[in-house]
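Chemist: okay, here's the prediction I keep looking at, along with the sequence it came from:
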Amino acid sequence: MAISSTADTRPATKAARPTRRKPLRSRAMGVVQAYGVLLGLLALLVVMFSPFAIIAINAVKTPTDLAANGPLSLPQNPTMDNIVSFWNAVDFGGALRNSLVISLCVAVFATALSLLNAFALGIGHVRGAIWMLVFFMLANILPNEAIVYPLYYMAKFAGLYNTQLAVIIVFTVIQSAFGTYFIASVMRAFPREILDAARVDGCGKIQLLVRVVVPIMGPSLAVLMVFAFIWTWNEFYLPLVFLVDNSQYTVPLAVAATQGEHMMNESQVAASALLGVLPCVLFFLVFQRTLTRGITAGSYR
């Protein structure tokens with residue numbers, strides 16, 4: 001009689017170990033910490049934007065409403081008369097155009113000059129490169145009050161006084177001091193293997209800069225350009241010295257001029273402050289992604 005075997009001939013497999021799950025209390029603590037950080041950031045956001053909100057609210061109030069209800073109340077009858085009157089009083093459109101031209105030129109020229117200087121100090125074989133970087137760092141912290149006297153006479157001697165070109169040249173050199181130190185510090189960590197491979201392929205110095213260095217360092221250059229634009233836009237002291245004609249005024253000068261030349265109420269002062277800060281805030285928001293990409297670019301290399 002044949003004996004039929006029903007035994008399983010498949011190889012035995014080890015039983016899967018049960019995955020250890022975090023205790024319920026630990027997960028709850030993690031959720032509480034995450035929400036705590038989120039609430040803290042929201043509170044910080046409210047604190048940072050509250051002055052801007054107060055200025056915007058008071059800019060659309062009538063003087064009577066502001067005097068009766070105070071600066072923290074909501075406007076009863078919102079109006080744009082304050083903004084329109086300030087815009088026409090100081091030719092704010094011309095001031096916007098002047099600031100835009102000066103800031104864009106300085107951002108482009110300062111970034112280009114910083115790139116050339118940093119390429120020589122960070123990648124090129126220049127003697128004393130470390131001491132030159134220290135010099136640029138020290139020049140970056142030099143106050144404007146210390147250099148305005150010789151710059152004033154140099155502009156008068158060159159016939160550039162009361163011109164936008166003088167402001168562009170001065171700020172290009174000033175912003176390139178920080179830009180050279182910043183870009184050279186990034187270039188010193190540049191992958192040498194890529195540079196050696198490009199030299200083996202026959203790249204000269206210009207080709208090495210244009211085809212290899214600039215594409216890789218694009219995010220860092222974009223960050224420098226954004227910073228140079230914002231810093232130049234907000235400058236007050238040197239444009240006040242070099243630009244004496246009202247038609248040459250930048251936005252900070254136009255806002256400050258209203259305090260002495262025109263009798264303005266508190267609502268119009270708030271409108272002038274709103275128009276003065278709004279372009280810079282919008283520029284920052286537009287290029288926020290560029291700043292984030294440039295700051296975190298080093299983590300991807």
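Modeler: All right, it came through fine.

Chemist: flag the shaky bits of the protein, pLDDT-wise.
Modeler: 1-25, 124-125, 259-264, 291-301 (pLDDT under 70).

Chemist: mind redoing it with 50?
Modeler: By pLDDT under 50, the weakly predicted segments of the chain are 1-8, 299-301.

Chemist: so how far is residue 102 from the residue nearest the centre of it?
Modeler: Closest residue to the average C-alpha location of the chain: residue 227 at 3.8 Å, with C-alpha atoms, centre = their mean. Noted for residue 227: a distance of 15 Å to residue 102, by C-beta to C-beta, to the nearest Å. Quick note: C-beta positions are derived from backbone N, CA and C, even for glycine.

Chemist: flag every buried residue along the helix or strand harbouring residue 99.
Modeler: Assigned by DSSP states H and E, residue 99 falls within helix 92-118. For helix 92-118, burial by neighbour count (16 or more other C-beta atoms under 10 Å) applies to 92, 95-96, 98-100, 102-107, 109-111, 113-115, 117-118.

Chemist: buried residues in the helix or strand following that helix?
Modeler: Sequence-wise, the next helix or strand downstream of helix 92-118 (DSSP H and E) is helix 129-140. Within helix 129-140, the residues scored as buried using 16+ other C-beta under 10 Å are 129, 132-133, 136, 139-140.

Chemist: stretch 203-210 too?
Modeler: Buried, per 16+ other C-beta under 10 Å, within stretch 203-210: 203, 208-209.

Chemist: first to last residue in it, what's the distance?
Modeler: 10 Å (C-alpha to C-alpha, to the nearest Å).

Chemist: cool, and stretch 88-96?
Modeler: Start-to-end, stretch 88-96 (C-alpha to C-alpha) is 13 Å.

Chemist: now do the buried residues in the strand or helix carrying residue 52.
Modeler: Here residue 52 sits within helix 24-59, counting by DSSP H and E. By neighbour count on 16+ other C-beta under 10 Å, the buried set for helix 24-59 is 55-59.

Chemist: which element follows it toward the C-terminus?
Modeler: Following helix 24-59 in sequence, per DSSP H and E, is helix 63-69.

Chemist: just the C-alphas of that following helix, formatted as CSV.
Modeler: Extracted C-alpha coordinates of helix 63-69, given in CSV (Å, rounded to 0.1, in the frame of the first residue of the first chain):
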residue,chain,number,x,y,z
PRO,A,63,-6.4,112.6,9.6
THR,A,64,-9.7,113.0,11.6
ASP,A,65,-10.0,109.2,11.9
LEU,A,66,-6.5,108.8,13.1
ALA,A,67,-6.8,111.6,15.7
ALA,A,68,-10.1,110.3,17.0
ASN,A,69,-9.5,106.6,17.2
